[in-house]
Structure formats: C-alpha cells, structure tokens
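Novice: Turn this into a model:
(chains A and B)
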Amino acid sequence: ERGHGPYQPHEPGYGLYQPGFSPYDDQIPEPESRMLSIQNAKAYLLKSSTTSGLNLYDHLANMLTKILDEQPTNAVDIIENISKDVKWAQFQKKMDTLRDEHEILPTFEAAEKRKSLFVKANGEGDEELEEEIGETALPNVMETAFYFEQAGIGLSKDESYHIFLALKKLVSAQPIQTCRFWGKILGLEMNYIIAEVQYHEGEEEEEETEEEEVTEEGGKELGEVEDEEEEKEKDDKPPESTYKPPPVIPREENGTGANKYVYFVCNEPGKPWVKLPSVTPAQIVCARQIKKFFTGRLDAPVVSFPPFPGNEANYLRAQIARISAGTQISPTGLYQFTEEEEDEEEEGGGGRDTYEENPDFQPLSVAEMVGSLSTWVHHTQSILKQGRCVWLNPFQKSEEEEEEEEEEEEKAEEPDALQQEIGPPLLTPLSEDEAIHNIPAWTAQSSTDLIPQYAVAILRSNRWPGAYAFASGRKFDNIYFGWGHKYSPENHTPALPPPVQAEYPSGPEITEMRDPTLEEELAFKAAREAALSADEEEEEEEGDEDDEEEEEDD
Amino acid sequence: MEAASLPAALELAAGGGEGLSPEKRAALGASLLLLQRDYRFERLWFWGCIQGVRGAYYIAEGLGPDRAAPRSRLYSLNGVEWSLLPPVTKEMVAQAEQLKGRFQGDPSFEYEYTEINAEDAERLLEDGNEPVIKEEARLVATVDQIDRAVGIVPRGAFVKTPLGSVHENRSFEGLSLMEAKKLSSYFHFTEPVNLKTKTLLEKADLDPSTDFLDSLEHDIPQGSWTVQLEKGGTVVVLRSLLWLGLTFYHVPMTKQYGYVYFGTGEKNFDLPFML
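Specialist: Predicted structure coming up:
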C-alpha cells in the first residue's frame, strides 16, 4: 500500500494540511507502513541531483552538523546563507593534517650558498687565527671598493662584501701568495667574477700537456688521407701536398709574460672557483680578430671566424690577458726595476720583466696625477703581435733561444725573414700610449672638485672601456667592470676567408688550348712545306730527316 | 629611475660596475627635487650618465600628466646645475646618426661632417646652415634614440585610460618571478610599432588598458637583451646589448623597477657579430 507520503505540489491536498492539523493525524499509521514511508522519504532525500551530484539528505545532514557545531545566533534567519556556505565548502580542499607546502623558490638556494660564505669553517684553531691577522694574501676588497666608489665605479656594497668572502675562501683553499680582485666581466646568461692570483714559488701544479694539443692551429694537411692509397698503388702516387702549416708558437711559461698570473673565476660569490687554463699565443692572436659576447658558461664553444682554438674558458683567459697587458697601471716610481747585473741591451724582451716596489716612493699630489699622463706607467708587459710578451723566433732550433737572439743578428736558416717584434718596454709612461683617432687613450679625472684635499685620482681607459685605475697617496689599484671587449670607432669587420689556394702550378704542358681548326692546320702545313722546300733548296743533301716530320696529318 | 628612489635603485642597478659617487648622489638628491619644483614636473626620472672623453653628462627627464607624452630632457655637467635640452626633431636624429665616436664632454663642441652627400651639402648651404652639428643636439638625439629603442617598463605598470592618456597603475604589485624572467613581460615605453601588425587572434588575448605597447619578444636581433637574476635571485636585471650600458632592474613582487643608462652613448653596431 502506498502511504500518505509528502504531498507533491501537483497533488490535491498539497499545502492544505498544516503539520499538526492534517485530517489523518489522529490516526497512528501502522508501523510497517510508517517504516515504508520513512524509507521512501529517505530514498527520495538520497536521490542525487542531476545537475550538481549532491543529494538533499547529505546536504541537510552537513548543514545541521555545521549549525550544531557552530551554534550561530538566529540560525533560522541565516539558514539560507548557511546552506549556501555548505554547498560552497564542497569545492574547497579538505584540510590536510599537513600544512601547505611553501613554494621552494630558486632564490632560497642561492641564499643558502651565500649564507655559507658567512659561516666560519670548522677546525680553525687559534694558531690559524693569528696567521690570518698577520700577513695575508687576501686583498682588502672593501677598501678598494671605497676608493673606486668615490668615482662612481663599483658594485653594490653587498656584492663587494660577498666577493670579499669568496676571495677569502679561495685564499684558504689554494696555496696562494698574492691575490687581487681583478674585476667582473658581464655575460649573456651569467657573469664572471675574476681573481688574479700568484702561487707560492714551487707550489704550482703542473699544467696538463693535453691542452697544448688541443690548441694547435687548425691547418690540416691535405696529404694525410693518402696513406692508404700509397700502399695500393706505389707507382701512381697522387701528388703530395707541399703545405706546411705555420710553426706553432709555444706558449709562455707559467709565471712569465702573459701567463704571469693565474686567474680564477666564478659566476657568483658562493659558487666554487674555477681555474682558467694558461693562454697560448695562438689564442691571443685569434682573440684579436673576433668579438663575441661571453655567455657565462666556461665550456661554451666559441663559434667564430677565424675559428677560435678553444672554448669560452680560453677566450676569457685571452681577453683577460689582453686587458691586463693594456690597462694595468700604477703611479710612476712606485715600481722600479730590480737592480741586477744585466746586459744593458734594450733590444729583445729578454731583459727587464721583473720589478719590485720602490721603498723610497714619494707619492705625487692628486692634481699632478690627473694633470698629465706621464705620472702613470704600465707595469705589465704588452703583448706583441706574435701573441707573446717576449719575442720568440719559431724557426730557432736551439734551446736557449732568447739569449742567442740578442747576440746573433742574422739567421741563415730562416725560410722567411721574420722581423723581431719589439714592444714598449716595461714601465713606460701612459703618455706614450697611442690615441684612438683623436681621443686620448686614457681619461683622467679627480674624484671630486669640491673637496680637493681628499680627492682621488681616477683614470678611465678609452681603449678598453671598463678598465679603471685609482691612486691616492701610496694606494693604487686597477679594476675592470665591463663586457670584455676593446673599443673601436669603426665597426668590427670579421676576417674574410683566405683566397682559394692554387691546386697545381699552371704551365704550358697542362694548360688547355683550343684544337686548331682545319683551315689553320692546312695553312700551317702549307707554311711548313714552303719552309721545307726552302730548306731543300738550300741543303739538298739532307732530305731524309724531313720525311719523318710529315706524319702529322690528322 | 624615479628620482625619489635614487639611492635604493642605484644599489640594485650597480651590477655592471658603473654608478654614482656619494658626492653625486647627494648632489642629485637635492638638485632633482629643486628641478621638480622649478619646472613643475609630475614625475622626474634620473635617466643616467653619458661619459664623454673630457667630462660626463647627467641626464634627467621630466614627465607631465600624460606619461606617454614627449618628455622634457635636462642635462647637467656636475649634477647641480641643470639646463633644458631642446626638443628633438627628425633632422637632429638623422644628423646624429651619421656621427661616430665618443662624446667630447663639452656641450658646445661642434662636430664637422666628414662624409656627407653632395645633395645634403647643397641643401644645407642653401638654407644658410653650415654642416656642423653641436654636441648638445647629438646628446638629445642620442637620449631620444635610446629611450625609443630600449627604454622599458614591466607589463602592467602603466595603464591607458579611455581618453588616451597614460598613467601609472596603482594596483601594480610587481611581476611574479616566473613572469619576470620572460621577455614578453616587458614593454618598450614608446609608440608601439608591432602592435598593429598582430593578428586578430593575438589581439583578442590582449587587454587594451595594459597591453598597449610593444613587448620585447620581437626585438631584432633576437637575443639583444640579457635577463639575469642578481643578488641571489632577488633582483631581475635586464641589460641591453644594442646600447651597452642600459640596465633595467625590477624586484619581483614589489613595485620597484626602473632603468638607467651608464655608458658612452654609442650604439653597438657589432651586435650581430657578437652574439
């Protein structure tokens, strides 16, 4: 039997009977039908909605639970809002027992690295502490930064301090005698922070010899492929190539010339320091011809023409060598040549390449330092066109090449007469520097016009924009902040490919000529016969020989 | 960069090694305020410094109510006294493009043309002008060129009102870290060129109030901007490779941004070879 369930809106009797006043209220329904009606009611309530998937039963249960939990005032007035809130809460994530995981930004890792700079290494006893306070190879980066800041040059104080700490780490990790913050070179993806370092004597690690093989010039011989063919046909050998690659100029020894200092780089303070390989003359010569931005990764290839022998680490080292050779300057008189008994010959570079501090140096006033460029000198050797600081004749076979050079003036064995290259000697004043078009090589300024008593003399290089130097009393330093390229007023023109080489010498035997036409041949034959008959008339005795020559009819 | 936030901004943009000395900073802090008072600018931007051979020019730009209107430019040799530069004209830009080499540092220096077409020379002589160009004109033309080519702002920092004028967006809270690394989140703050050539499909995604400028994505040559995170990833620094010395900085999720130029004022024509 169907019980009197809740009336639907379309059924008669809907809304007529209020609770408590229904005509059937006094009748207690039978337990079974009551159960059935309860079940029907519950089944109806449990029916899921077609649009939202919720069902009324659960919704009412949730709502009532929420009301009983929260016990709001005037719940009946806000019942609709409560219903809406319960439905809305359906779409929110349920609370986990765990909290939300915070996004791990890459900035946090970087901050960790920088924080590690500030942590003192464990195991430092008191003895080491005293050593540090005494003479240390660590330069006072903040002091240098202060002087450069007077000219508006330099990184932010934070970064300078981070570099300071990173240098300290470097000095404690490697056996270093002197260390200097050389500068910062900007790159496309990352930048380079560079430290110039000199090892203690005798503590240098040996360079790997593999590097020299990699950096040989790329002139390949044409005749290499023909070894196999030679075995097969010994008679008919193709002509061998007579190409001899130009001799490889050996690089300078560590500690001299362009390799006087060792350079360490890192991308950011906190990252490990990487040692740059020594520079070879071939790399310097090639670096002069190309102009590429640095990417920031040391193993990136350098794609250029002429092809650079090496990767970005070599290119970086070559540029550092060029910049150092061109822009490391100091006040005149601060450095002097060591007093040794040497030949007084000025030719050749074998002489003066060492200098020492002059204890009797009297610093000049700032006005004098700024006024004229002759108060500054270069204290690094300039690099010759060959790519070395000290000229080396590559055709020389003997071992002690430099000394022999100075004595001999003529060399009998040279296939090419190589002129000895002479560069400006060490400690030349800046007034000798060439101007670029009509711009002087250096711009000198005083850091302030308002307070001349404490001014600092500042020099900016125009040939290598980004190279700066300051001097104040006995203190001076050089630094580089820039992209690592030379300034040229003209646009950079890349080298053209070399002209096509001649395959073979051309001569009459292989030169092609047009075959003679019939008329020409007949004319030729007629002319010859005319000459022949003239000869016969002259020499009637020798008639046999001429018969042989008449077989040329084609 | 905003003159008001000069000290903090200089710290953020100092990754390239160039900045201002404490003396100049202090001088600019005072003189820029007075400049704003005298010329009644609504906003005053410190544009940067162009290094000449004998001296340096410090440049400031003043903006009126419409930020996209042509700006007044001023220069100073010492950071204390400022002079207004003449407004830039097309002839000035054309003449300045022919000049090569460094700035001299003297505003009244006159460059002489070394190579000019015969037609140009005749035309100029007819007008009665001599074929010289003053360094002042070259300066204003260069500043204008740099602004047009590489003056950038983050997306959403400026809004265009329906009347056409451009204002700062007060609800701009900064780009997120992910957005800040992308070139498409930065706009050239000058009349758009590429915007009209976009297809209708692309334009449908744009919001006309904030996307009314060209983004950096389509700059030629590609790769003429470097995007780096400095200071351990807290500052996004964009450097232009076309005009070496222009640095743009932005701290993600904050309102700090700006660009400044410290350099020699020469375009890097070798860029395609260097990439």
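Novice: Contact residues of chain B facing chain A?
Specialist: Residues of chain B lying close to chain A (Cβ under 8 Å from any Cβ of the partner chain) are B:11-12, B:14-24, B:49, B:51, B:53-54, B:78, B:100-102, B:177, B:223, B:226, B:228-234, B:239, B:241, B:244, B:264, B:269-270, B:273-275. C-beta coordinates here come from the backbone N, C-alpha and C atoms, glycine included.
Novice: give the contact list for A:Lys475.
Specialist: A:143, A:147 (Cβ atoms under 8 Å, 6 or more residues apart in numbering or on different chains).
Novice: And the nearest residue to A:Glu149 once chain neighbours are set aside, how far from B:Gln36?
Specialist: Nearest non-adjacent residue to A:Glu149, counting by Cβ to Cβ, 6 or more residues apart in numbering or on different chains: B:Ser21, 6.3 Å away. Distance of B:Ser21 to B:Gln36, computed by Cβ to Cβ, to the nearest Å: 22 Å.
Novice: all strands for chain A, in order.
Specialist: Counting by DSSP state E, chain A has strands at residues A:176-185, A:192-199, A:262-266, A:274-275, A:329-331, A:335-337, A:355-357, A:376-378, A:442-446, A:457-461, A:467-472, A:475-482.
Novice: and those as a markdown table, adding mean pLDDT?
Specialist: Formatted as a markdown table, these follow (pLDDT from 0 to 100):
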| stretch | mean pLDDT |
| --- | --- |
| strand A:176-185 | 90 |
| strand A:192-199 | 90 |
| strand A:262-266 | 92 |
| strand A:274-275 | 92 |
| strand A:329-331 | 87 |
| strand A:335-337 | 79 |
| strand A:355-357 | 76 |
| strand A:376-378 | 87 |
| strand A:442-446 | 88 |
| strand A:457-461 | 90 |
| strand A:467-472 | 90 |
| strand A:475-482 | 91 |
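Novice: Buried only: go through the residues of chain B next to chain A for me.
Specialist: B:11-12, B:14-21, B:23-24, B:49, B:51, B:53-54, B:102, B:177, B:226, B:228-234, B:239, B:241, B:244, B:264, B:270, B:273-274 (16 or more other Cβ atoms under 10 Å in any protein chain shown).
Novice: quick one: which of the residues you listed sit in strands?
Specialist: Using DSSP E, the members of those that fall in strands are B:49, B:51, B:226, B:228-230, B:239.
Novice: Between those, which sits nearest A:Leu532?
Specialist: Distance ranking of these against A:Leu532, using Cβ to Cβ, places B:Thr226 first at 86.1 Å.
Novice: Give the bridge partners for the closest one, please.
Specialist: Here B:Thr226 shows beta-bridge partners B:Arg239, assigned using DSSP bridges.
Novice: distance of it from A:Ile185?
Specialist: Noted for B:Thr226: a distance of 13 Å to A:Ile185, by Cβ to Cβ.
Novice: How about the contacts made by residue 59?
Specialist: Unless you meant another one, I'm taking chain A. For A:His59, the contact set (Cβ under 8 Å, 6+ apart) comprises A:83, A:86-87.
Novice: wait, I meant chain B there
Specialist: Here B:Ile59 is in contact with B:46-50, B:73-75, B:139, B:143, B:261 (Cβ under 8 Å, 6+ apart).
Novice: How many residues are close by B:Leu6?
Specialist: Residues within reach of B:Leu6, counting by other Cβ atoms under 10 Å in any protein chain shown, total 18.
Novice: my guess is it meets B:Gly29, correct?
Specialist: Yes: assessed by Cβ atoms under 8 Å, B:Leu6 is found in contact with B:Gly29 at 6.3 Å.
Novice: Count the neighbours of residue 73 for me.
Specialist: Answering for chain A, as no chain was given. Neighbour count of A:Thr73, defined by other Cβ under 10 Å: 6.
Novice: Chain B is the one I meant
Specialist: For B:Arg73, the neighbour count with other Cβ under 10 Å is 21.
Novice: do the same with the one 3 residues further on
Specialist: By other Cβ under 10 Å, 21 other residues sit near B:Ser76.
Novice: doesn't B:Arg73 fall inside a strand?
Specialist: Yes: counting by DSSP: H, G, I helix; E, B strand; the rest coil, B:Arg73 falls inside a strand.
Novice: Now do the same contact list for it.
Specialist: By Cβ under 8 Å, 6+ apart, the residues touching B:Arg73 are B:47, B:59-62, B:84-85, B:140, B:143-144.
Novice: Contact partners for A:Gln150?
Specialist: For A:Gln150, the contact set (Cβ under 8 Å, 6+ apart) comprises A:447-448, A:455-456, A:458, A:470, B:21-23.
Novice: That one - nearest residue in space that isn't next to it in sequence?
Specialist: In space, A:Gln150 comes closest to A:Ser447 once its chain neighbours are excluded; the distance is 4.0 Å by Cβ to Cβ, 6+ apart.
Novice: I'd say the one you found and A:Arg460 touch.
Specialist: No: with contact defined as Cβ under 8 Å, A:Ser447 does not reach A:Arg460; the gap is 11.7 Å.
Novice: ok, those two, which is more surrounded?
Specialist: Neighbours were counted for A:Ser447 and for A:Arg460 using other Cβ under 10 Å; A:Ser447 has more, 25 against 20.
Novice: For stretch B:190-203, measure first residue to last.
Specialist: Distance between the boundary residues of stretch B:190-203 (Cα to Cα, to the nearest Å) amounts to 19 Å.
Novice: B:Glu168 and B:Arg67 touch, don't they?
Specialist: Yes: in this structure, B:Glu168 is within contact of B:Arg67 by Cβ under 8 Å, at 7.0 Å.
Novice: Name the residues contacting each of those two.
Specialist: Shared contacts of B:Glu168 and B:Arg67, defined by Cβ under 8 Å, 6+ apart, comprise B:Phe158.
Novice: Those two: which is more packed in?
Specialist: Using other Cβ under 10 Å as the criterion, B:Glu168 and B:Arg67 rank with B:Arg67 on top: 18 against 15.
Novice: list the buried ones in stretch A:272-289?
Specialist: Quick answer for stretch A:272-289 (16+ other Cβ under 10 Å): A:273, A:276-287.
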